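Q: Just need the structure, nothing else, for what follows:
(2 chains)
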Amino acid sequence: MSAEEQLKALSLFIASRNGATDVDLSAYRAHTEGFSMETFSFDAHWTEPGGEVFDGRLIARVQPEAGLLEPYDLRPQVLAMRAVHGTVAVPELLWFEEGSEVLGAPFYVNRFVAGDVPVPSEGPSGELPIEDPLERESLARDFAGNLAALHRFDWQSAGLSELGGPAGVPEDGRDAARRAVANWRGYHERSRAGAAPMMARAFRELEARLPRESPLCLVHGDYRTGNFLRVGGRITAILDWEMTHLGDPMEDLAWACSRIWRGQTDMPGLLVERERLLHMYSEAGGLDIDEQRLAFYDLLAAVKMSAIMTTGLRAWADGRTDDVRMLMFRHQLAGMQVIMAESAGIVGALS
Amino acid sequence: MAMLDHEKIIEALAATLENEVLPALGKGPARLQLYSVLDVLENLSAYLEWGGQLAELEVAACRGAASQLAGLLEGELSVRCRDFAAKTGGGNAALETARTLLVDVIESPAFDSPEVRAAVDACLGESVLTAAMFMKPPRLTEVSKG
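A: The predicted structure is shown next:
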């Protein structure tokens, strides 16, 4: 669908949903910064049946056919974002359309939130994406605070049992860990990446290290620098909820602290040192830190990223996406294997 | 044509894209795609130059491990390790055989043995570190990783 067709279809959709009149959508802009969702923003104007006028910028996120996290299902992230709105900094969601009639695929629309997205990589000369240490400290505090609030969120009262997946709510943290391993093994196998000894070794290690017990909470699943919007030293929105599920809180913390997002520094997400971030999380009321479970989920983080990369490569190789960014994963996999080997204790820490 | 090697062609393509095309692009999707193309080209160049050698090094590391594992394992896996260690030659077929053999050892009950695990881990450590040495540092940091 062209931009014009998408806006026209959305105009009709908004009018039918709201009974709104005078619907005018304009200033379309495609956003390709993320890898997963097809995203575009636009200015919207309409008049509600009661005469109230809406004027603002909105974002539509459309379920892609293929990509890093295929097969896609928008429903879990919509449920989670709606539930935690007001508790965690998330954009307000206006509509969710599960059918494909309007835009050719399911989509949701949320209010535009101002801010830029710092990426978790250093510049060519090692410069940090956020150079001011005070700004980094403030962002880290917001980052830890939002995560603590998410993990403390009462998902049972909010009726989010569905986020346990097709098998239902995990019995306990061990069951959640087992499912997480099985989930990423599934991605790896479906990507048909060929014999991969390091992945096999990592899966073996994960099975040996399965945590005995842990609390269950609402997990974001991709909580890290690169997935939040900020204005100065404040986070304005936590984005990219595609991998949200019920699991161990250490899964989010390990992912956020993974070497994948540290560049050549000791700072998770290039924000602050790991110990400082963990302290901020605890101080903000986060759940108990457990280093053993963190180590398990640190290894799972590298496995997960590798599986995501090979899934993207498979989608490209099979012609289901023509996004050339997927091709970068071919050489980035070598780096991911080193991180995996470090986390599994096969090689010593290199930096 | 012998006078035009792959590396030079890729360098020329990358230079044109970076110096002539990139400055003309705004901050939109086309710019991100071009950054990705440049990143891939840079690493492709390294792969064309060193990829064959890299595969040979991984096969050699696996042969060393297979030789050691043949004495530690029993039955069919031991025979396969001995056969692989005795073979010469490399290429993609040898690499695939080596990797499949390692995966089978890792997934077998014999992997519970500390000696077997140590032999496999030494081979894996050597292979992943060697492969990472050939990676170009990502200089195109404008490409989001998420």
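
Q: all contacts plus neighbour counts: C-alpha atoms, from now on.
A: Fine.

Q: Would you mark the buried spots in stretch A:212-226?
A: By 16 or more other CA atoms under 10 Å in any protein chain shown, the buried positions in stretch A:212-226 come out as A:214-226.

Q: can you list contacts of it?
A: A:117-120, A:150-155, A:172-174, A:176, A:240-249, A:251-253, A:255-257, A:261, A:269-270, B:144-146 (CA atoms under 8 Å, 6 or more residues apart in numbering or on different chains).

Q: same thing but at 6 Å, please
A: Residues from elsewhere that reach stretch A:212-226, judged by CA atoms under 6 Å, 6 or more residues apart in numbering or on different chains: A:117-120, A:151, A:173-174, A:241, A:243-248, A:252, A:256, A:269.

Q: How about stretch B:116-132 and chain A, touching?
A: Yes. Residues of stretch B:116-132 are located near chain A by CA under 6 Å from any CA of the partner chain, namely B:D121, B:G125, B:V128, B:A132.

Q: Phi and psi next, for the second one.
A: If I follow you right, that is B:G125. phi -60, psi -50 (degrees, to the nearest 10).

Q: which stretches of the stretch 1-150 of chain A form strands?
A: Along the stretch 1-150 of chain A, counting by DSSP state E, counting those that start in this stretch, strands occupy A:21-31, A:38-47, A:53-62, A:93-97, A:107-111.

Q: circling back to that earlier point, specify which member of the buried residues of stretch A:212-226 is nearest to B:N43.
A: Of all the buried residues of stretch A:212-226, B:N43 sits closest to A:G226, with 23.4 Å by CA to CA.

Q: What pLDDT does the model give the closest one?
A: The model reports A:G226 with a pLDDT of 91.

Q: Walk me through the domains of chain B.
A: Here the domain parsing of chain B from automatic domain parsing is B:6-48, B:53-132.

Q: Just the terminal-to-terminal distance for the first one.
A: What that stands for is domain B:6-48. 7 Å (CA to CA, to the nearest Å).

Q: try the longest one
A: Start to finish, the residues bounding domain B:53-132 are 13 Å apart (CA to CA).

Q: from the middle of its chain, how far away would that domain be?
A: With CA atoms, centre = their mean, to the nearest Å as the basis, domain B:53-132 stands 15 Å off its chain's centre.

Q: same check, this time on stretch A:206-217
A: Worked out by CA atoms, centre = their mean, stretch A:206-217 lies 21 Å from the chain centre.

Q: cool, stretch A:129-141 as well?
A: What separates the centre of stretch A:129-141 from the centre of its chain is 21 Å, taken as CA atoms, centre = their mean.

Q: and it, what's its mean pLDDT?
A: The predicted confidence, averaged over stretch A:129-141, sits at 96.

Q: tell me which residues in that stretch are buried?
A: Those would be A:P129, A:I130, A:E135, A:R136, A:E137, A:S138, A:L139, A:A140, A:R141, for stretch A:129-141 by 16+ other CA under 10 Å.

Q: circling back to that earlier point, I'd like the strands of the stretch 1-150 of chain A laid out as CSV, including mean pLDDT, mean neighbour count and distance to chain B.
A: What follows is those, written out as CSV (pLDDT from 0 to 100; neighbours: other CA atoms under 10 Å in any protein chain shown; distance: least, CA to the nearest CA, whole Å):
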stretch, mean pLDDT, mean neighbour count, distance to chain B
strand A:21-31, 92, 16, 7
strand A:38-47, 94, 19, 11
strand A:53-62, 95, 18, 15
strand A:93-97, 96, 16, 21
strand A:107-111, 96, 20, 19
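
Q: I'd like to know which of the ones you listed is closest to B:A66.
A: Of the strands of the stretch 1-150 of chain A, nearest to B:A66 by CA to CA is strand A:38-47, at 47.0 Å.
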